[in-house]
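Trainee: Here is my input, please return the structure:
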Amino acid sequence: MATIKIGDWGIKAGAIVLAVFLWFHAITEQLYETETEVRLLVEDLPPGDGVENEMIVASEIPSTVRVLATGRGKDLLQLDGDAFVLRIKVEGNTRTYRLLPAQIEKRATDLDVQISEIIDPKEIEIVLDRKMERDVPVRPEFQLEVAEAHILVGPVLTDPLFVRVIGPQAQVEKLDYIATDSVKLQEISEEVDLVSSLRHPERTRLVLNPGSVRIRADIQILAEDDLSGVPIKMRNGGNVQLRPDPAIARVKVRGGVDVIAQLDPIKDIELYVDYAEFQGDSLPIRNAEAPFFDVLSITPSEVNLVGD
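Mentor: The predicted model follows:
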């Protein structure tokens with residue numbers, strides 16, 4: 001039986017490693033062609049005399065250009081997105097620009113790689129438009145489910161309420177609002193205060209400032225209360241010498257616990273009867289809509305009109 005020595009395996013393994021290294025070195029010294037991506041930079045025109053006279057790029061521009069690169073294998077292996085850049089200086093009108101290898105700047109000076117051909121796109125159309133700045137309202141894309149026995153008090157708000165939008169006039173003027181990223185919360189029992197990014201309008205060259213907003217929602221425990229001594233007013237009475245009798249009522253309200261606790265029955269609740277509905281009998285008591293609480297019942301529900 002043959003005996004295998006450990007030292008023999010070490011020599012053989014070293015020989016294999018050396019052979020692989022020499023083979024890799026040999027093939028990476030050869031010239032190859034490969035397709036790669038080159039960054040495309042479009043430089044806007046110099047600023048004009050004031051924002052209203054400044055022209056900027058309005059068309060959608062690809063971020064990269066596909067090209068054919070030639071070089072030694074070891075250099076091609078080191079290519080990345082910053083090795084080359086194709087820069088276009090915009091002229092003062094809308095036009096189509098043909099892309100040429102001569103326009104490509106080499107940033108990685110240590111790599112022996114040449115760009116021999118533009119593959120796609122071979123040309124791009126650059127549309128110019130007047131620069132515009134405008135404050136646009138923010139709309140929270142917010143789905144909220146509150147926990148049992150809780151209530152959302154008031155609307156969901158953003159901070160700030162408006163965002164500054166900068167870009168081509170035609171794109172800015174079309175905007176009705178800027179939406180936030182979608183947020184969905186469930187079983188919420190406390191105040192919401194979070195940061196959400198703004199959703200950039202698709203296929204535009206707009207800049208949003210700021211790029212994110214705070215979203216706030218006031219969640220409170222649901223509460224009810226009976227408030228007495230609420231005055232009843234009369235609408236559309238003109239110079240009629242009549243008044244509601246009785247002149248006050250008791251109101252049952254429901255809303256957030258902090259809101260209900262601070263209600264003033266005289267200042268915060270408006271009850272009224274409408275003289276335009278009067279036909280000689282009693283009138284129903286109505287309540288003006290309140291933004292932060294609900295009126296569940298009014299006692300009494302009707303009153304008579306009597307002379308002073």
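Trainee: From here on, just use CA atoms for contacts and neighbour counts.
Mentor: OK.
Trainee: Where is the longest strand in this structure?
Mentor: When the chain is parsed with DSSP state E, its longest strand is strand 212-235.
Trainee: Please report the distance of E270 from P284.
Mentor: Separation of E270 from P284 (C-alpha to C-alpha, to the nearest Å): 14 Å.
Trainee: Check K89 too.
Mentor: For K89, the distance to P284 - C-alpha to C-alpha - is 74 Å.
Trainee: Can you pull out the residues in contact with the next helix or strand after the longest strand of the chain?
Mentor: Note on strand 212-235: by DSSP states H and E, the next helix or strand toward the C-terminus is strand 242-245. Outside of strand 242-245, the residues within contact range by C-alpha atoms under 8 Å, 6 or more residues apart in numbering are I232, K233, M234, V273, V303, N304, L305, V306, G307, D308.
Trainee: Can you flag the buried ones in those residues?
Mentor: Among the contacts of strand 242-245, those scoring as buried are I232, K233, M234, V273, V303, N304, L305 (criterion: 16 or more other C-alpha atoms under 10 Å).
Trainee: Columns pLDDT and distance to R134 on top of those, output as TSV?
Mentor: Formatted as TSV, the buried ones among the contacts of strand 242-245 follow (pLDDT from 0 to 100; distance: C-alpha to C-alpha, whole Å):
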residue	pLDDT	distance to R134
I232	95	46
K233	94	45
M234	92	45
V273	95	46
V303	94	53
N304	92	55
L305	90	55
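Trainee: Max pairwise distance over those: which two?
Mentor: K233 and N304 (12.4 Å; C-alpha to C-alpha).
Trainee: Please tell me how far the spatially closest residue to F162 that is not a sequence neighbour sits from I248.
Mentor: Nearest non-adjacent residue to F162, counting by C-alpha to C-alpha, 6 or more residues apart in numbering: P137, 4.3 Å away. According to C-alpha to C-alpha, P137 and I248 sit 42 Å apart.
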